[in-house]
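Chemist: fold the following and give me the result.
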Amino acid sequence: MQLRLPLPRRKKHAGGRPPKGPRSSERHETRAAFKPSQPIHVTIRTTPAIGALRTRDKYRAIREALITSFVRERIRVVHVSIQRTHVHLLVEANDRMALARGMQGFQISAARHLNRAADHRGTVFPDRYHATIIRSRRQARHALAYVLNNWRRHGEHRNGLARRWLVDPFSSGATFPGWRELADRDTFWPLRASYQPLPVWLPKTWLLAEGWKRYGLIGAREVPKIVRS
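Modeler: Numbering: from 1, shown residues only. Modelled structure (predicted):
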């Protein structure tokens, strides 16, 4: 006579990549469609093995990846800021597929250059990028302030050579014309001859070019609030 013993039940996997460390990966869902007139706020995080991104070598690595994205023209990176463990980008693209291919190309190039700068071999971006569609003038203004002044949220404006700068040298802020402090001037901030700004596109979407100004120019000392998406 055989006894039937209950088999242990397996927990169902929720789908997508499993969590890696304190942060979980982006869920593998179909990304929302958007219009060409709607810019995207993209955040990408690097693996701890790469180390801090706010160094001269890592800055050059990401700068080279931006140049590569210029050549391919699948996406238009309008603004960017490099933080210690992640990168923020304000991106324009014609559709969801163009964004996916453009970000793939940017990340492949950035990974190659960052691996070289960090003397590392392996994965650089362990998770999917996070993308938020910008749909309104207020949201566009918030996204600009958040990306360009993100260093003040993290206290990076108190560290190293950055203490001598009013705008983040690890961002495209040096060439942003919408600072409140530049309202009565005909020129940008004075830059050191040795400084190479991050190459970005002039915005083609109305929201990033003009619409955001409805809510006021951005102060260089403004500390942005957390963006919820």
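Chemist: from here on, contacts and neighbour counts on C-alpha atoms
Modeler: Will do.
Chemist: what sits up against stretch 159-169?
Modeler: Contacts of stretch 159-169 from elsewhere in the structure, counted by CA atoms under 8 Å, 6 or more residues apart in numbering, are Ser81, Leu148, Asn149, Trp151, Glu156, His157, Gly173, Ala174, Ala220, Arg221.
Chemist: put the buried members of these into a ChimeraX selection.
Modeler: Selecting just the buried residues from these in ChimeraX takes one command, with 16 or more other CA atoms under 10 Å as the test:
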select :81,148,149,151,156,157,173,174,220
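Chemist: so can I have JSON lines of the contacts of stretch 159-169 showing pLDDT?
Modeler: Rendered in JSON lines, the data for the contacts of stretch 159-169 read as follows (pLDDT from 0 to 100):
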{"residue": "Ser81", "pLDDT": "97"}
{"residue": "Leu148", "pLDDT": "97"}
{"residue": "Asn149", "pLDDT": "95"}
{"residue": "Trp151", "pLDDT": "92"}
{"residue": "Glu156", "pLDDT": "83"}
{"residue": "His157", "pLDDT": "81"}
{"residue": "Gly173", "pLDDT": "95"}
{"residue": "Ala174", "pLDDT": "92"}
{"residue": "Ala220", "pLDDT": "93"}
{"residue": "Arg221", "pLDDT": "93"}
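Chemist: which ones among the contacts of stretch 159-169 map onto helices?
Modeler: Leu148, Trp151 (DSSP state H).
Chemist: pLDDT on the lengthiest helix in the chain, on average?
Modeler: Among the elements of the chain assigned as helix by DSSP H, the one spanning the most residues is helix 96-118. Regarding helix 96-118, the rounded mean pLDDT is 96.
Chemist: for Val78, list the residues it contacts.
Modeler: For Val78, the residues meeting the contact criterion (CA under 8 Å, 6+ apart) are Leu89, Leu90, Val91, Glu92, Val200, Trp201, Leu202, Pro203.
Chemist: find the nearest non-adjacent residue to the residue nearest the centre of the chain, please.
Modeler: Closest residue to the average C-alpha location of the chain: His88 at 1.6 Å, with CA atoms, centre = their mean. Once its chain neighbours are removed from consideration, His88 has its nearest residue in Thr43; the separation is 4.7 Å (CA to CA, 6 or more residues apart in numbering).
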